[in-house]
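Undergrad: this is a predicted model, with the sequence first.
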Amino acid sequence: MLNKIITAAADAVRPIHDGAVILCGGFASCGFADELLEALHAQGTRNLTLVANNPQVAERGMALLLRDGRVATLVCSYSRKEGTTLIEDMLQQGLQLEIVPQGTLAERIRCRGAGIPGFYTRTGVGTPLAEGKEHRDFDGETHIFEFALKADFAFVRAKCGDRWGNLTYDKTARNFNAVMAMGGTHTIAQVDNVVELGALDAEAIVTPGIFVKQIVATRQP
Amino acid sequence: MNLDRQQIAWRVAQDIADGSYVNLGSGMPLAVADHIPDDREVIIHSENGLLGVGPRQTAEPYDRNLINAGNIPVTLRAGGAYFHHADSFMMVRGGHLDVTVLGAYQVAENGDLANWDLPAGRKAPAVGGAMDLAVGAKKVFVMMEYFARDGSCKIVPQCTLPLTGRRCVTSIYTDLAVLDIVNGRVVVRELIEGITLHTLQAETPVMLHVSPRLRLLQPPSK
């Protein structure tokens, strides 16, 4: 029987080693897998590369890992943590930053999930982010080559999940989660509701379970 | 009197056609949504995964899972849709948006845009979706004050700040004038009352051309 449900977040994050590359779903303040990130924090894993749109606005999850120096490299489109100087402070302490245009970040992750090595895009041409990248003209327009983004793990946050790993999301908390679920080599989903197999409308499943390795239910208050 | 930001937003909104799909950048451009004429149906895209953005949420507790790209709790209009980030930027990069409205630090004569916060800057760098929007939307409207805080003109021969996109700006909406970029030339389309082309040119380090349709830029009285 296929059962991807794990009871404790601590068990789900146990395979994650120092130096791992982790895709972190979420945008601005919503859709972050707080409990997975915090279980990883509690485990003491270090030297991480986190890939996320932005450092989570709330003082949870990613913020704890960043604050305590567990993150060696942050790959994001927007590095500022509003209302704080956390990132500026961590840069002083050696945090490495890779800034990627938001759409390019999403597509690099999607490519990895789709088995495509990369793609050409007009995004970023003529900007500092194009430096050192292959340039090629198509139909008279210059494009740059962007590589698929390889990651070891993905942490996603979903609204509902079943034991096969099928997922649905809540409104704009879907954001990077659904694409990171497809792009992660080992995808762990924190879900707010575990539902019986067959309870999700097959027409409405956003992430088919094939992309998901494990499901952890959010602790209910 | 220079236009205030709401008046600039009003002016931008007048140039957004009925039935358009539009992305509004964070900050100043978000105000454009409040000025779309009632007889037009404009569908607003937010890059974090929604089409059909409605007004801000007003009742607490806010649903924090329904936000726009500026992290503001919003509503979804009837007919709206949610989608993930790769699909969202497929809409952006694939030329499916009619208009994006962005802020700017500088716009060059040839339409180059500089509007992102840089690695060398005081604050942590942030580009967000601006580079994708700059190359992907059919029209790129810039909304900004004509002069920077230090008094320098934001319309320049060449951007001295790192670029967001090359030759991408269609039109510039400012507190003094509306200008179009046409074949590498800056063309003045509208001027506010009390300013002449001559005085504007004296403050602008690029050659201004005059639209044959030059008219007064006059927002409705408040």
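TA: Arrived safely. Numbering: from 1, shown residues only, chains lettered A, B, ... in the order given.

Undergrad: burial measure for B:D63, as a count.
TA: Using other Cβ atoms under 10 Å in any protein chain shown, B:D63 has 16 neighbouring residues. Bear in mind the C-beta positions are built from the backbone N, C-alpha and C, glycine included.

Undergrad: which ones are touching it?
TA: Going by Cβ atoms under 8 Å, 6 or more residues apart in numbering or on different chains, B:D63 touches A:K171, B:Q57, B:P73.

Undergrad: got a pLDDT number for residue 56?
TA: In the absence of a named chain, chain A is used. We have a pLDDT of 89 for A:Q56.

Undergrad: actually chain B
TA: Value for B:R56, per-residue pLDDT: 95.

Undergrad: in the sheet, who's paired with it?
TA: Bridge pairing for B:R56 (DSSP bridges) gives the partners B:V74.

Undergrad: what's the neighbour count on it?
TA: Residues near B:R56, counting by other Cβ under 10 Å, number 14.

Undergrad: B:F147 too?
TA: Neighbour tally, B:F147, other Cβ under 10 Å: 17.

Undergrad: mind listing what the closest residue to it other than its chain neighbours touches?
TA: Take B:F147 and drop its neighbours on the chain: the residue closest to it by Cβ to Cβ, 6 or more residues apart in numbering or on different chains is B:C153, 5.9 Å away. When contacts are counted by Cβ under 8 Å, 6+ apart, B:C153 touches B:Y146, B:F147, B:E203, B:T204, B:P205.

Undergrad: B:I67 and A:A199, how far apart?
TA: 27 Å (Cβ to Cβ, to the nearest Å).

Undergrad: for the worst-scoring helix or strand of chain A on mean pLDDT, packing partners?
TA: Within chain A, no helix or strand scores below helix A:86-92, which has a mean of 92 by mean pLDDT, DSSP states H and E. In this structure, helix A:86-92 packs against helix A:62-67, with contacts taken as 3 or more Cβ pairs under 8 Å, 6 or more residues apart in numbering or on different chains; DSSP states H and E.

Undergrad: ok, now with 10 Å
TA: Helices and strands touching helix A:86-92, by 3 or more Cβ pairs under 10 Å, 6 or more residues apart in numbering or on different chains; DSSP states H and E, are helix A:62-67, strand A:71-76, strand A:96-99.

Undergrad: to chain B, which of these lies closest?
TA: Nearest to chain B among those is strand A:96-99; the distance by Cβ to the nearest Cβ comes to 5.1 Å.

Undergrad: and the very next helix or strand once past that closest one, average pLDDT?
TA: Using DSSP states H and E, the helix or strand that follows strand A:96-99 in sequence is helix A:102-114. Within the predicted structure, the mean pLDDT of helix A:102-114 is 98.

Undergrad: and for stretch B:29-37?
TA: The average pLDDT for stretch B:29-37 rounds to 95.

Undergrad: now do the same contact list for the residue of chain B most remote from its centre.
TA: Here chain B reaches farthest from its C-alpha mean at B:P61, the gap being 30.7 Å by Cα atoms, centre = their mean. B:P61 is in contact with B:P73, counting by Cβ atoms under 10 Å, 6 or more residues apart in numbering or on different chains.

Undergrad: anything in stretch B:127-136 near chain A?
TA: Yes. Contact of stretch B:127-136 with chain A is found when judged by Cβ under 10 Å from any Cβ of the partner chain, involving B:V127, B:G128, B:G129, B:A130, B:M131, B:D132, B:L133, B:A134, B:V135, B:G136.

Undergrad: neighbour count winner among B:I67 and A:A199?
TA: B:I67 (27 against 11).

Undergrad: what's the burial count for the residue in chain A positioned nearest to chain B?
TA: Minimum separation of chain A from chain B (Cβ to the nearest Cβ) falls at A:G103, amounting to 3.1 Å. By the criterion of other Cβ under 10 Å, A:G103 has 29 neighbours.

Undergrad: likewise for B:V210?
TA: So B:V210, with other Cβ under 10 Å, has 12 neighbours.

Undergrad: just say helix, strand or coil for the residue nearest to it when sequence neighbours are not counted.
TA: Once flanking residues are discounted, B:V210 sits nearest to B:V188: 5.6 Å by Cβ to Cβ, 6+ apart. Following DSSP: H, G, I helix; E, B strand; the rest coil, the label given to B:V188 is strand.

Undergrad: quick check: beta-bridge partners of B:V188?
TA: Beta-bridge partners of B:V188, as defined by DSSP bridges: B:L179, B:V210.

Undergrad: any idea how far the residue nearest to B:F147 lies from B:G54?
TA: For B:C153 relative to B:G54 (Cβ to Cβ), the value is 37 Å.

Undergrad: and what of A:P128?
TA: Distance of A:P128 to B:G54, given as Cβ to Cβ: 36 Å.
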